[in-house]
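Q: kindly return the folded structure for what I paste below:
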Amino acid sequence: MVPPATSSTKGTTYMGMGIDGLSSGLDTTSIINALMNAEAIPQTQLKSKVSGDTYLLNALQALNSKFAALTTQAAELAKPDGLAKYQVASTSPAITATLAAGAKPVSLDLTVTQLAQAQSIVTAPLQQWPTSPPVLTFVKADGTTTEVTAVSGSLDDVAYAVNKSAAGVSAVKVASGTAADGTVQYRLQLTATDTGAANAFTAYDGSAADVAAGTAASLTSAPGAAVLRTGQDAQVTMWAGTPAEQTLTSASNTFTAIAPGLDVTVHQLSASPVTLNVTRDAGQVTDAAKDLVSNVNIILGSILTQSAVSGGGAAGAVTSGLFTSNSTTAAAKDGLFTAVVAPVNGRSPATIGINSTKNGDFTFDADAFAAAYAKDPAAVEGTLQVIAQRVADAAKAVSDPYDGTLSQSVKGQQTVIDDLNGQILKWDDRLAQRRGSLQAIYANLEVQLNKMQSQQNWLSSQISSLDPSSSPKK
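A: Modelled structure (predicted):
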C-alpha cells in the first residue's frame, strides 16, 4: 500500500511559516515575494504619488503661511496710525521719556520742582517694644487707620507683624549701637511701600481707639526718633514763566500720558526747563517700508524658484519645479506683484524707492525713500499705506482660511492625499489575502509532490522486488 504523506516531511511547512522544501526543490519564498512585488505595483504607484503630493502639499502650506504673515504685516501698516513712527528726545538727563500708541509730534518744556518719595521714619533705640502686647496704629494722610498687633515684644516679631499687615508699610530692624550699660540696641525703620503724599503716614504706639482718644504717642515723638523722609508727590511745571504755567503732580516719578502717547519719568530737579521733542522717526518708517518689500520678495522668489524648469537640451532631461504649471501659485504671484508695482494716484512706487526688476521682484532704495520722506512725509506715508493695503488685500485673497485661493488648494491637496492613503490601506488588506492564497497554493504543491515522491519510491521498491536478477541462484 502507499504510505501516507505527512506535514512533517522535511522542508515542507504550512501557512504562517516558511514553505521552502526538498520536495519541489523550489525557493518558494522568493517566488511568492516576486509575485507579490508584481501584485503590489499599483500600491507602489499610489505610495509614490502620495509622496510627491505630500511634498507639494508641504510647499503649498509653507507658501500659504508666508502669505498669511504678509497679510498681517501689510494690514498693520495700512491702518490710519500704521506709520505713526515717532521718536522723542530730551535736552537733559533730568527727564527721560517713552512713547506709546497714539503719540503725536509735540514739543514740551518741563521744569522738575519736586521728586516723589516715600514716607520713612525711624524709632528711638530699643531693646524690645516698650508696651506689651505691642500694638501699633498707622494713620494715612486721608485718615485711614490700620491697627497692628505683634505676638511678643521682640522687635523681630513687631517687624514681622507690620510687614504682614495691610498698613502699606515695611519694617526693618537696624542696629543702633549699645546703651550705657552695654546692652545692644536696635531701631525699627518704617517706610511706606509706595511713594506719594497720599501714602504718607503717622505711626502711633497704641490702639486705634487710643489714637482717636488722643492718648497714643507718636513714634517720632520719642527722644532719638526721627522722620527721615516725608511722603510727597513728584511735581513738574509746564510752560514755566508764561501765563499758561501749570503744575502737574504724580504719586510716582513717572507722569503717564502727559501728552498723547508720551510718558515721562523725572530723575532729578532741574533749575531750568527741559525740552522734550517728539518728532517723526524717518528711520522707523524707512525700515517698515524695507521690511514690507523684503517679505514681498521672499514670497515672489519662493514661487519663482519652485516654478523654474531645470535641465533640458542634449545634456539631460527636463525637470519641472513643484509649482510649474500651477495656476494657483502663478495667479498669487501675479496679484502680489501688481499690488506693489501699480501706480498710486498716477505716481510710480519708484518715486519712493520701490523699483521692479526684470526678475519679477523689487529692490528698495533706502536713500531715495528717505529723501522723499524728508521732502513730503505725509505724501510718502500715504503712498506706502496704499501699497500696503493693496498687498494686504492680495495676500488675504490667497491665504484667507475660508476662501483664500491657496488655502482652498491646500485643502484640496490634503483631500487627495487622504483618499490615496485610504486606497493604500485597502491594498494592504488585498495583498495580505493574496499572499495567504499563494502560500496556501505552494504549501499544497509541496504536499502533493511529497505524496508523488512517496508513491514513486514505493513503486520502485516493488519493481525491484520483481527483478529476476535480484532473486537467489539455485
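
Q: any weak-confidence spans in the stretch 251-400 of the chain?
A: Applying pLDDT under 70 to the stretch 251-400 of the chain flags residues 311-317.

Q: ranges for the strands of it?
A: Taking DSSP state E, counting those that start in this stretch, the strands of the stretch 251-400 of the chain run over residues 254-259, 262-266, 274-280, 310-311, 318-319, 354-356, 362-364.

Q: longest single helix anywhere in the protein?
A: Longest helix in the chain, counting residues (DSSP state H): helix 405-466.

Q: that one packs against which elements?
A: Counting contacts by 3 or more Cβ pairs under 8 Å, 6 or more residues apart in numbering; DSSP states H and E, helix 405-466 packs against helix 28-39, helix 41-78, helix 327-341, helix 377-399. From N, CA and C alone the C-beta is placed, and that goes for glycine too.

Q: picking that back up, next, format the strands of the stretch 251-400 of the chain as TSV and append mean neighbour count and distance to Gln127.
A: What follows is the strands of the stretch 251-400 of the chain, written out as TSV (neighbours: other Cβ atoms under 10 Å; distance: least, Cβ to Cβ, whole Å):
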stretch	mean neighbour count	distance to Gln127
strand 254-259	16	42
strand 262-266	21	42
strand 274-280	18	50
strand 310-311	10	91
strand 318-319	10	92
strand 354-356	18	79
strand 362-364	18	76
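
Q: out of those, which gets nearest to Ala374?
A: Smallest distance to Ala374 across those (Cβ to Cβ): 9.7 Å, for strand 274-280.

Q: measure how far the closest one is from the centre of its chain, please.
A: On the basis of Cα atoms, centre = their mean, to the nearest Å, strand 274-280 sits 34 Å off its chain's mean C-alpha point.

Q: nearest to Ala171, out of the strands of the stretch 251-400 of the chain?
A: strand 254-259 (26.4 Å).

Q: ok, and what's touching that closest one?
A: Strand 254-259 has contacts (Cβ atoms under 8 Å, 6 or more residues apart in numbering) with 100, 103-104, 106, 108, 110, 234, 236, 248, 250, 263-266, 278.

Q: again, but for stretch 145-162
A: Under Cβ under 8 Å, 6+ apart, the answer for stretch 145-162 is 126, 128-139, 165-173, 186, 188, 190, 207-208, 211.

Q: give the ChimeraX command for selecting the buried subset of these.
A: Typed into ChimeraX, the next command selects the buried ones out of these (criterion: 16 or more other Cβ atoms under 10 Å):
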select :126,129,134,135,136,137,138,139,165,167,168,169,171,173,186,188,190,207,208,211
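
Q: restricted to helices, list the contacts of stretch 145-162.
A: Per DSSP H, helices hold the following members of those: 208, 211.

Q: picking up where we left off before, and the furthest pair within the contacts of strand 254-259?
A: Largest pairwise distance in the contacts of strand 254-259, by Cβ to Cβ, is 23.8 Å, between Lys104 and Ala234.

Q: and of the contacts of strand 254-259, the nearest to Val88?
A: Closest approach to Val88 among the contacts of strand 254-259 (Cβ to Cβ): Val278, at 4.9 Å.

Q: surely the closest one touches Gly102?
A: No. The pair Val278 and Gly102 fails to qualify as a contact (Cβ atoms under 8 Å) at a distance of 11.3 Å.
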